[in-house]
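Novice: need a 3D model of the sequence below.
(chains A, B, C and D)
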There are 4 protein chains.
Amino acid sequence: MTIAEISVVPLGTKTPSVSQYVARAVKVLEREKDIKYETTPMGTIIEGDLDRILAVVKKMHEATFGEGVARVLTTVEIDDRRDKTQGMKEKVDSLKKKLQG
Amino acid sequence: MTIAEISVVPLGTKTPSVSQYVARAVKVLEREKDIKYETTPMGTIIEGDLDRILAVVKKMHEATFGEGVARVLTTVEIDDRRDKTQGMKEKVDSLKKKLQG
Amino acid sequence: MTIAEISVVPLGTKTPSVSQYVARAVKVLEREKDIKYETTPMGTIIEGDLDRILAVVKKMHEATFGEGVARVLTTVEIDDRRDKTQGMKEKVDSLKKKLQG
Amino acid sequence: MTIAEISVVPLGTKTPSVSQYVARAVKVLEREKDIKYETTPMGTIIEGDLDRILAVVKKMHEATFGEGVARVLTTVEIDDRRDKTQGMKEKVDSLKKKLQG
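Specialist: Down below sits the predicted model:
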């Protein structure tokens, strides 16, 4: 199981507001039943199998194009840990425990 | 008002578990009364004045060193919008509205 | 044609030196004949078709595991421009022209 | 000595071409005599003291605003190694040696 953060940024939109384009990318995730995700103020965090994550990255990236958007910057950070199974929830719980300790 | 995501990564730790070091960086924020923050599975998102954010980035970065850590990778993504005041909450709300529309 | 920067970071190595692991990832590129790349002090920049780039990201990520490495952070930034064909060289040339202007 | 990669992205520009704005940020570095830097197809890499780097990040970020740009995304990745002195050149040389080995 892998955790990844994805952010899509459309360039050359007429206004600094880009949430309508970001929404198109996030909507991709609503249709991917086996992918767990959460949106944050800076991106979308997903959890799943690495191949599925890369496939979803491509779909989110493609969904940001169109309606006048001809350039997209997509950033993906993949955190892949293989010594134990750790999802988004476990990772945050582990940090919280250390913060209290 | 600026929003930023910060992630600190200590290298050369003996195990792949790094939450104890990340916790030292996040504890810096507990002492910064004027900075609003939230932790996510992939980093910490903070909101505040740009100068304060850069000062806090430095403190979090420094706090990750020590106890055997001699190399730290710190990533900061700054989203600075000056045509309107938009904090973490407003940014997520704006996306949610677009997702429902 | 898409440009992307990839960086792989192994966690839990015994020392802060990680170039031996990074080298395994970069060696993947030496075998991919159709991918143009250059290494920088902070990552590897590649140019090619988006699907090929994502496939290469996966191979580079996988190549970083092993020899005691059980956790890898891989960051990919994709710059995909579809209004004109612009490779790594053209992008740098365009900036240089603006710097002189 | 610290190495950092900085990338500035203006949002809401009229066209997908943003090199004129990026050039304003890079020009900041031409005036900072003690900072070594190189531009890549994906960002600018600088080497120097951490405090100086953060000060320069702020100047580059600010220089990207103006001429219709009201929102800037700035990403900084800091690689700070304290067990030995390693600049941009030494870091690339270390990787090259491993690639040949």
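
Novice: check which helices and strands the helix or strand harbouring A:I6 sits against.
Specialist: For A:I6, the host element (DSSP states H and E) is strand A:2-11. Counting contacts by 3 or more Cβ pairs under 8 Å, 6 or more residues apart in numbering or on different chains; DSSP states H and E, strand A:2-11 packs against helix A:19-30, strand A:43-48, helix A:50-64, strand A:71-81, strand D:2-11. Quick note: C-beta positions are derived from backbone N, CA and C, even for glycine.

Novice: okay, the angle between the helix or strand following the first one and strand B:43-48?
Specialist: Okay, so that is helix A:19-30. Next along the chain after helix A:19-30, taking DSSP H and E as the criterion, comes strand A:36-40. Counting by axes from the mean of the first three to the mean of the last three Cα atoms, to 10 degrees, strand A:36-40 lies at 20 degrees to strand B:43-48.

Novice: strand A:36-40: partners in the sheet, and parallel or antiparallel?
Specialist: strand A:43-48 (antiparallel) (DSSP bridges).

Novice: what residues does chain A have near chain C?
Specialist: A:50-51, A:54, A:57-58, A:61, A:65, A:70-83 (Cβ under 8 Å from any Cβ of the partner chain).

Novice: which of these count as buried?
Specialist: Neighbour counting with 16 or more other Cβ atoms under 10 Å in any protein chain shown marks A:50, A:54, A:57-58, A:61, A:65, A:70-81 as buried within these.

Novice: next, the contact list for A:K59, please.
Specialist: By Cβ atoms under 8 Å, 6 or more residues apart in numbering or on different chains, the contact set of A:K59 is A:28, A:32.

Novice: now do 7 Å
Specialist: Neighbour list for A:K59: A:V28 [criterion: Cβ atoms under 7 Å, 6 or more residues apart in numbering or on different chains].

Novice: so it versus chain D, what's the distance?
Specialist: 21 Å (Cβ to the nearest Cβ, to the nearest Å).

Novice: against chain B, how distant is that residue?
Specialist: Per Cβ to the nearest Cβ, A:K59 is found 16 Å from chain B.

Novice: same deal with A:V57?
Specialist: Look at A:V57 and chain B: by Cβ to the nearest Cβ, they are 14 Å apart.

Novice: how about that residue: what's its closest non-neighbour residue?
Specialist: Spatial nearest neighbour of A:V57, excluding adjacent residues (Cβ to Cβ, 6 or more residues apart in numbering or on different chains): A:V76 at 5.3 Å.

Novice: beta partners of that neighbour?
Specialist: Taking DSSP bridges as the rule, A:V76 bridges to A:I6, C:V76.

Novice: isn't it up against A:I6?
Specialist: Yes - judged on Cβ atoms under 7 Å, A:V76 makes contact with A:I6 at a distance of 5.2 Å.

Novice: quick check: angle from the strand holding A:I6 to strand D:2-11?
Specialist: If you take the same axes, to 10 degrees, strand A:2-11 sits at 50 degrees to strand D:2-11.

Novice: quick one: strand A:2-11 to strand B:71-81, angle?
Specialist: Using the same axes, to 10 degrees: strand A:2-11 against strand B:71-81 is 40 degrees.

Novice: which outside residues touch strand A:2-11?
Specialist: So strand A:2-11 is in contact with A:18, A:21-22, A:25, A:42-50, A:53, A:57, A:60-61, A:64, A:69, A:71-80, A:87-88, A:91, B:41-42, D:9, D:13, D:16, D:18, D:73, going by Cβ under 7 Å, 6+ apart.

Novice: with only the CA atoms kept, save that strand in CSV.
Specialist: In CSV, the C-alpha atoms belonging to strand A:2-11 read as follows (Å, rounded to 0.1, in the frame of the first residue of the first chain):
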residue,chain,number,x,y,z
THR,A,2,1.3,3.4,-1.0
ILE,A,3,0.3,6.9,0.0
ALA,A,4,0.6,9.8,-2.5
GLU,A,5,-0.2,13.4,-2.7
ILE,A,6,-1.2,14.9,-6.1
SER,A,7,-1.7,18.5,-7.1
VAL,A,8,-2.7,19.7,-10.5
VAL,A,9,-2.1,23.3,-11.5
PRO,A,10,-3.5,24.7,-14.8
LEU,A,11,-1.5,27.6,-16.3
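
Novice: please compute how far that strand lies from its chain's middle.
Specialist: 5 Å (Cα atoms, centre = their mean, to the nearest Å).

Novice: and for stretch A:12-25?
Specialist: Offset of stretch A:12-25 from its chain centre (Cα atoms, centre = their mean): 16 Å.

Novice: hmm, that stretch touching chain D?
Specialist: Yes - using Cβ under 7 Å from any Cβ of the partner chain, stretch A:12-25 comes into contact with chain D via A:12-16, A:18.

Novice: end-to-end on that stretch?
Specialist: Length of stretch A:12-25, first residue to last, Cα to Cα, to the nearest Å: 17 Å.

Novice: pull out the buried residues from it.
Specialist: By 16+ other Cβ under 10 Å, the buried positions in stretch A:12-25 come out as A:12-13, A:16-25.

Novice: swap in stretch A:25-33?
Specialist: Using 16+ other Cβ under 10 Å as the test for burial, stretch A:25-33 gives A:25-26, A:28-29, A:32.

Novice: can you pull out the low-pLDDT segments for chain A?
Specialist: Low-confidence regions of chain A, defined here as pLDDT under 70, do not occur.

Novice: which helix or strand contains A:T15?
Specialist: Applying DSSP H and E, one finds A:T15 in no helix or strand.

Novice: pretty sure it contacts D:G12?
Specialist: Yes - using Cβ under 7 Å, A:T15 is in contact with D:G12, at 5.1 Å.

Novice: now do the shared contacts for those two.
Specialist: By Cβ under 7 Å, 6+ apart, no residue touches both A:T15 and D:G12.

Novice: now the buried residues of stretch A:12-25 as TSV including distance to A:Y37?
Specialist: Output for these, formatted as TSV (distance: Cβ to Cβ, whole Å):
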residue	distance to A:Y37
A:G12	27
A:T13	24
A:P16	25
A:S17	22
A:V18	19
A:S19	17
A:Q20	19
A:Y21	18
A:V22	13
A:A23	14
A:R24	15
A:A25	11
